[in-house]
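*Asks:* Okay, sequence plus prediction incoming.
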Amino acid sequence: MHGTEAPSAWVQRWSHLVAPRGSVLDVACGQGRHLKWFAQRGNTVTGVDRSPEAIDSVKPWGRAVLADIENGPWPLEGETFDAVVVTNYLWRALLPVITRSVAPGGVLIYETFATGNESVGKPSRPDFLLQPGELLRACEGLRVVAYEDGFCDRPERFVQRIAAVRKHPGTPDSPPRYPLDATG
């Protein structure tokens with residue numbers, strides 16, 4: 001079943017940037033593979049999805065919000081999170097809302113399909129494929145720690161991925177130290 005597979009390797013790789021016991025929002029959470037991952041790490045988790053079945057399945061892990069975020073209002077207006085996670089989902093109108101939902105000191109971990117994916121499978125509609133550099137532009141104002149735009153062969157797909165941090169106000173301008181791996 002979609003969403004029950006292991007957490008994304010990208011999400012796992014950058015999970016160390018999430019504050020211990022910090023709050024995590026999973027946008028379009030599906031069956032909750034990332035909610036489960038973060039809940040097991042001791043984080044407080046919130047998932048939002050339009051599927052009642054998906055929301056029912058993620059309730060054991062934390063807060064579950066049923067909402068059609070493409071056609072209705074953003075259900076978490078004014079809330080921020082220590083991490084916002086998005087995988088395999090793109091609704092361009094929400095990109096500013098998603099980045100605003102990252103709290104000071106928080107991280108955005110995002111991975112979804114990119115142009116080129118139409119040559120190997122679905123999604124293939126341009127509405128669901130990031131254009132070159134689009135995710136970077138959406139994260140202006142955040143400190144990009146890691147970014148990839150390319151082809152993966154297992155399974156075959158074209159993706160863009162980003163891990164980007166919102167600076168704490170008043171933080172010195174000295175170079176921030178965001179470890180590139182969990183061992184630091």
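*Replies:* Looks like it arrived, so ask away. Residues are numbered from 1 along each chain as shown.

*Asks:* Can you give me the distance of Val58 to Ala103?
*Replies:* The spacing between Val58 and Ala103, counted by CB to CB, to the nearest Å, is 21 Å. Every residue, glycine included, has its C-beta placed from N, CA and C.

*Asks:* more crowded one of the two?
*Replies:* Higher neighbour count among Val58 and Ala103: Val58, with 27 against 19, using other CB atoms under 10 Å.

*Asks:* in the sheet, who's paired with Phe158?
*Replies:* Beta-bridge pairing for Phe158 (DSSP bridges): Phe151.

*Asks:* Could you report the distance from it to Phe128?
*Replies:* Phe158 is 12 Å from Phe128, where distance means CB to CB.

*Asks:* shared neighbours, those two?
*Replies:* Residues touching both Phe158 and Phe128 (CB atoms under 8 Å, 6 or more residues apart in numbering): Phe113.

*Asks:* what ranges of the protein fall below the confidence cut-off?
*Replies:* 1-4, 173-175, 183-184 (pLDDT under 70).

*Asks:* Tell me which stretches of it form helices.
*Replies:* 9-14, 33-40, 52-58, 95-100, 134-138 (DSSP state H).

*Asks:* Which elements pack onto the second one?
*Replies:* When you say that, I think you mean helix 33-40. helix 9-14, strand 23-27, strand 44-49, strand 81-87 (3 or more CB pairs under 8 Å, 6 or more residues apart in numbering; DSSP states H and E).

*Asks:* Quick check: buried residues in the first one?
*Replies:* Read that as helix 9-14. Residues of helix 9-14 classed as buried: Trp10, Val11, Arg13, Trp14 (neighbour count, 16 or more other CB atoms under 10 Å).

*Asks:* since we're on the closest residue to Asn43 other than its chain neighbours, how many residues are nearby?
*Replies:* Distances taken as CB to CB, 6 or more residues apart in numbering place Val24 nearest to Asn43, at 4.8 Å, with adjacent residues excluded. Neighbour count of Val24, defined by other CB under 10 Å: 27.

*Asks:* can you pull the contacts of Val24?
*Replies:* Val24 touches 18, 34-35, 38, 43-46, 81-85, counting by CB under 8 Å, 6+ apart.

*Asks:* List just the nearest of the residues you listed to Glu70.
*Replies:* Val84 (16.9 Å; CB to CB).

*Asks:* what about Arg50, distance to Lys36?
*Replies:* Distance of Arg50 to Lys36, computed by CB to CB: 19 Å.

*Asks:* These two: who's more crowded?
*Replies:* Taking other CB under 10 Å, Arg50 and Lys36 do not tie; Lys36 has more neighbours (21 against 15).

*Asks:* these two touch, right, that one and Trp61?
*Replies:* Yes: the criterion here is CB atoms under 8 Å, and Lys36 meets it with Trp61 at 5.4 Å.
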